[in-house]
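Asker: Pasting a predicted model and its sequence here:
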Amino acid sequence: MKQQNILITAGDGIGPEVMGEVKKIIFFLNAEGMTNITTTERLIGGASYDAHGVPVTDETIEIARKSDCVLLGAVGGTKWDGVDYNLRPEAGLLKIRKDLELFANLRPAIVFDALIDASTLKPEIVKGLDILIVRELTGGVYFGEPRGIFNLPNGERQGVNTQVYTTSEIHRVGRVAFELARKRQGRVTSCEKANVMESGKLWREEMTKLHEEYKDVQLSHMYADNCAMQLLKNPRQFDVIVTDNLFGDILSDEASMLTGSLGMLPSASLGARDENGHQNALYEPVHGSAPDIAGQGKANPMAAILSFAMALRFSLDHGTIADHIEASARAVLNNGIRTGDIMAAGCKQVSTTEMGDALINEMKTRLKKAA
Ligand code: NAD
């Protein structure tokens, strides 16, 4: 079996704890002969700042570039509050995303039947929910020039940010959305504000042009404000939603909260595929370093584990193993095994490591049954 190389950057707070459970699963898969994964570990965030004076080193970025993918835990913590912005733990994350040119951020919002009561919406609205939001990550108003706070001749101050998109930026993220939709229900909803923004008008026109290459996928357009409403009204109408950086930031947070459980949410950030088929990719839980529970064995490792499942599917060509992990995660929850954050009456509360063990046991049972 071809050897695959993963860079693991566990980071700060609960990052190393949740990543410990991912490492156990990698060890298990290798031992079963299902994968041939080699891991390299490096520091990131505050841990890297403490050791090297920067939140991510150039050496780490180089290893990331050469790896099949990067798994990241979480960064940040109050310990580094006094550090300059460009050296803060979060700056390490922004730098690795930027240097690897990860322009497409994938955020699934899946409601597990066992956790349906964790959603603030009615069960009949969110039951079976499975949305994938593809957010453009490296362009748009967060990066556009001119930007700044300017002093006007009349004595007023003016804050300026500029929303800019080019056809190539729209096409590359659009392609990611269309290709992912092909592996799902085959529907893409493209969101912008074409009614009031030129950049939105261009986005809509270019998505429509690009659709010519993906006629097997159904494309619809929606204004981003309507999408925000529809996500609450009838979220199951969506399959893949593709949108820009700003709207994606807001809509992906909104969609993820339909599931009601931060400790369960995975994400992926992908770059372009080069001529040799290599694609930079980083997988990380949506949650942060949770300093309030760090070091106490309370963290839910599922978001990190489900992020690894995404890596298996999108970067490592092991979609069947990813399905296997996701089905085992469902079964563990159905069996009433819960970390504190998703605890419910009648369930058994377990620690971070016990949750990882329960998942591996479930995988073993399923493999035995299948044999
Ligand atoms: P957070 O996601 O770390 O925590 C929010 C709340 O959710 C906390 O009460 C925490 O205990 C709980 N929580 C989060 N993940 C959990 C898990 N896996 N299991 C159980 N409970 C969990 O967000 P925050 O408190 O706003 O930020 C803390 C630090 O993390 C800050 O320094 C922030 O900058 C950083 N942060 C990093 C990332 C990242 O690394 N991608 C993302 C968000 C925040």
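Answerer: Great, that's in hand.
Asker: Please list all residues in contact with E179.
Answerer: By CB atoms under 8 Å, 6 or more residues apart in numbering, E179 lies in contact with Y214. No exception for glycine: its C-beta is placed from N, CA and C like everyone else's.
Asker: Could you name the specific helix or strand carrying it?
Answerer: helix 167-182 (DSSP states H and E).
Asker: Kindly format the C-alpha coordinates of that helix as PDB.
Answerer: Taking C-alpha atoms only, helix 167-182 is exported to PDB below (Å, rounded to 0.1, in the frame of the first residue of the first chain):
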ATOM      1  CA  THR A 167     -13.200  35.400 -12.300                       C
ATOM      2  CA  SER A 168     -10.400  32.900 -11.500                       C
ATOM      3  CA  GLU A 169     -11.000  33.300  -7.700                       C
ATOM      4  CA  ILE A 170     -14.700  32.600  -8.300                       C
ATOM      5  CA  HIS A 171     -14.100  29.700 -10.700                       C
ATOM      6  CA  ARG A 172     -11.600  27.800  -8.500                       C
ATOM      7  CA  VAL A 173     -14.000  27.800  -5.500                       C
ATOM      8  CA  GLY A 174     -16.900  27.100  -7.700                       C
ATOM      9  CA  ARG A 175     -15.200  24.100  -9.100                       C
ATOM     10  CA  VAL A 176     -14.600  22.700  -5.600                       C
ATOM     11  CA  ALA A 177     -18.400  23.100  -4.900                       C
ATOM     12  CA  PHE A 178     -19.500  21.500  -8.100                       C
ATOM     13  CA  GLU A 179     -17.100  18.600  -7.700                       C
ATOM     14  CA  LEU A 180     -18.200  18.000  -4.100                       C
ATOM     15  CA  ALA A 181     -21.900  18.200  -5.100                       C
ATOM     16  CA  ARG A 182     -21.200  15.400  -7.600                       C
END
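Asker: residue nearest the centroid of this structure?
Answerer: S267 (1.3 Å; CA atoms, centre = their mean).
Asker: Test my guess that that one contacts P285.
Answerer: Yes: when contacts are counted by CB atoms under 8 Å, S267 is listed as touching P285 (7.1 Å).
Asker: Would you verify that the residue nearest to the centre of the chain is located in a helix?
Answerer: No: assessed with DSSP: H, G, I helix; E, B strand; the rest coil, S267 is strand; it does not lie in a helix.
Asker: State the distance from it to Y283.
Answerer: Shown here: S267 relative to Y283, a distance of 7 Å by CB to CB, to the nearest Å.
Asker: can you check G15 too?
Answerer: Distance of G15 to Y283, computed by CB to CB: 13 Å.
Asker: Same check on G82?
Answerer: 30 Å.
Asker: Those two: which is more packed in?
Answerer: Y283 (26 against 7; other CB atoms under 10 Å).
Asker: you'd agree the more buried one is up against S307?
Answerer: Yes: when contacts are counted by CB under 8 Å, Y283 is listed as touching S307 (4.2 Å).
Asker: Now do the shared contacts for those two.
Answerer: Common contact partners of Y283 and S307 (CB under 8 Å, 6+ apart): 71, 266-268.
Asker: Between all of the residues you listed, which two are separated the most?
Answerer: Largest separation among the shared contacts of Y283 and S307 by CB to CB: L71 and S267, giving 11.6 Å.
Asker: Overlap in contacts, those two.
Answerer: In contact with both L71 and S267: 283-284, 307, using CB under 8 Å, 6+ apart.
Asker: Which of these fall in helices?
Answerer: Judged by DSSP state H, helices contain the following of these: S307.
Asker: mind putting the shared contacts of L71 and S267 in JSON lines, pLDDT included?
Answerer: Converted to JSON lines, the shared contacts of L71 and S267 look like this (pLDDT from 0 to 100):
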{"residue": "Y283", "pLDDT": "98"}
{"residue": "E284", "pLDDT": "97"}
{"residue": "S307", "pLDDT": "98"}
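Asker: Report the entries of the shared contacts of L71 and S267 that also contact the ligand.
Answerer: Restricting the shared contacts of L71 and S267 to those near the ligand by CB under 6 Å from any ligand atom leaves E284.
Asker: Go through the longest helix seen in the chain and flag the buried ones.
Answerer: The residue-count maximum for a helix in the chain (DSSP H) belongs to helix 352-370. For helix 352-370, burial by neighbour count (16 or more other CB atoms under 10 Å) applies to 352, 354-360, 362-363.
Asker: ditto for stretch 105-123
Answerer: Buried residues in stretch 105-123 (16+ other CB under 10 Å): 105-112, 114-116, 118-119, 121.
Asker: first to last residue in that stretch, what's the distance?
Answerer: Taking CA to CA, to the nearest Å, stretch 105-123 runs 27 Å from one end to the other.
Asker: quick revisit: can you list residues touching both of G15 and Y283?
Answerer: L72.
Asker: do stretch 78-90 and the ligand meet?
Answerer: Yes: judged by CB under 6 Å from any ligand atom, stretch 78-90 and the ligand are in contact via E90.
Asker: residues near N334, how many?
Answerer: Neighbours of N334 (other CB under 10 Å): 13.
Asker: If we ignore the residues flanking it in sequence, what's nearest it?
Answerer: Leaving aside its sequence neighbours, N334 sits nearest to A114 (CB to CB, 6 or more residues apart in numbering; 5.0 Å).
Asker: For the ligand, what's the nearest residue on the stretch 51-200 of the chain?
Answerer: G76 (2.4 Å; CB to the nearest ligand atom).
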